[in-house]
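Student: I would like to see how this sequence folds:
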Amino acid sequence: MYQVIKMESDNGISKEIPIAMTSTWSVALTEFINLILEQKKKRIKNEKILRTCYILKDGMTLDNIDFTIVENTVIAVRQDENIVNINTEELHFNLINRKIRGLLGSGANGVVLECEDPTLQVSLALKLWLQIDDEDKPLYEVRKQTVAGETNPNVVKVRYASKLNDYLFAEFDLIEGKTLEKWLRKKPPLRTRLRVGKKIITTLDQIHDQNIYHGDLHLDNVIVTPDENIKILDFGTSRTNTREFKELSDTRAAWLLTQTISKLLPEIHEYEDLISDPAIRYFLRVTEWTKVRKYHYTDGNKTSADYVNASLDFIIEFLWADAFLFNSGANDVPLLFDLSGLLIKSPFIDIMKLLAYFIEHCSEKSIKVFFSGLFQHSYFNESDELGIEIEDFFDEINQKIVVDMNEFDPITYYNFLMQLFSDDKEGYKKWRKIIGQMIKKRKGVVSLVM
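Tutor: Next up, the predicted model:
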């Protein structure tokens, strides 16, 4: 017995499809999955039509079945029976003492379920990886997320990982909040978005210190909590042992970070000319990875997520100052001194273009203080008591300066640092961390964003 239903295809055209009517809905499920696979439907836009025909039992529909389609794989969540179908294969979650509560989302390599631990009576998010060519990849992702979660409270922690029917799964804290994608739909004000952007940058800064980079950052991998804190999840990456693909992965991480911040703060495009690195400016404008990949293989177009983080960090600070502090009637002398510390920590800004803005909007006195601050914020003295290792680091940098510091003007000094660290990512990471520590120890302003 068959029932004819209409299904909308990718081009928006409705097509009549016969669905087998059975007395057992699981049989109808199997037939429907096979139908999708045979027709190689990767995406079906009309979810309502799909849900109507998805599970059939004597002509009735069961609406408590969650489902999604990832490439050519259909994942169905049979909540009442505590079973997940991956195509026609059944995964019985009673075997791992978990109760399925629903489907939270899906991505290119798996799905995320809401589950309950009946023993502890706590809710969890469970990521289930689909079988992929590189079996080590999901394990590597879990390990990265574990380390990142242990080092930073803004990263979702891994609670447990194992396998079910040879499918790897990992359990995480279930976070209350909305994805950045959904949160932005409410059009939060600039002040709030800048705070969230700053938290993303600061979190990734600390994670990068562990040599961990988010290879799949996007708006659905950042959760904004009700108190406007953030939680970053899903540290996916494409990992290979060749230098070429490691560099490509770094480029992808840098591009994804740029795109995520630009979607959160489209106002950044008004200030992109301040960024000295042409690769980062390109990343801000181009939304297709295929174009970025091609750009990567052009000589001189490689950059790092560390440099993106540093550049966007200062742009966020400057955007805050421009929107809320300049022309507010407040004294611009301490403001420019604070900006000099934030700038020297991120030596990848076009200082001449920044100076042109200051000349137009700020007093001559404050500009002199700004120049003085570039030296003061980066000059180490024994009273800082930051340790012999840091003293040696500053001595090493000073030895690379071929001109007497007394004859060095601030612009030349800043551009020297830019040139020095553009070819030394690890040295820059150490510099950025030390300058941050010095500013904090001297009770300076570590951020204008409040």
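Student: so what's Val77 up against?
Tutor: For Val77, the set of contacting residues under the criterion of Cβ atoms under 8 Å, 6 or more residues apart in numbering consists of 65-67, 84-85, 100, 102-103, 113. C-betas here are computed from N, CA, C, even on glycine.
Student: redo that, cut-off 10 Å
Tutor: For Val77, the contacting residues are 64-68, 83-85, 93, 100-103, 111, 113-114, taking Cβ atoms under 10 Å, 6 or more residues apart in numbering as the criterion.
Student: ok, Tyr271 - how many residues close by?
Tutor: Neighbourhood size, Tyr271 [other Cβ atoms under 10 Å]: 20.
Student: and it, that one's in a strand?
Tutor: No: secondary structure assignment (DSSP: H, G, I helix; E, B strand; the rest coil) places Tyr271 in helix, not in a strand.
Student: Which pLDDT value goes with it?
Tutor: Predicted confidence (pLDDT) at Tyr271: the value is 96.
Student: Give the full set of residues in contact with it.
Tutor: Under the contact definition (Cβ under 10 Å, 6+ apart), the residues listed for Tyr271 are 265, 312, 314-316, 318-319, 322, 349, 353-354, 357.
Student: Dump the residues you listed to JSON lines, plus pLDDT.
Tutor: JSON lines is the format used below for those (pLDDT from 0 to 100):
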{"residue": "Leu265", "pLDDT": "97"}
{"residue": "Leu312", "pLDDT": "97"}
{"residue": "Phe314", "pLDDT": "97"}
{"residue": "Ile315", "pLDDT": "97"}
{"residue": "Ile316", "pLDDT": "97"}
{"residue": "Phe318", "pLDDT": "97"}
{"residue": "Leu319", "pLDDT": "96"}
{"residue": "Asp322", "pLDDT": "94"}
{"residue": "Ile349", "pLDDT": "96"}
{"residue": "Lys353", "pLDDT": "96"}
{"residue": "Leu354", "pLDDT": "96"}
{"residue": "Tyr357", "pLDDT": "93"}
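Student: Restricted to buried residues, select those residues in ChimeraX.
Tutor: One line in ChimeraX is enough to select the buried ones among the contacts of Tyr271; burial here means 16 or more other Cβ atoms under 10 Å:
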select :265,312,314,315,316,318,319,349,354
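Student: Isn't Phe67 up against Ile75?
Tutor: Yes: the pair Phe67 and Ile75 qualifies as a contact (Cβ atoms under 10 Å) at a distance of 6.5 Å.
Student: shared neighbours of these two, anything?
Tutor: 33, 85, 103, 106, 111.
Student: Can you tell me which of those residues has the most neighbours?
Tutor: Val111 (24 neighbours).
Student: thought it was touching Gly102?
Tutor: No: Val111 sits out of contact with Gly102 when judged by Cβ under 10 Å, with a separation of 11.0 Å.
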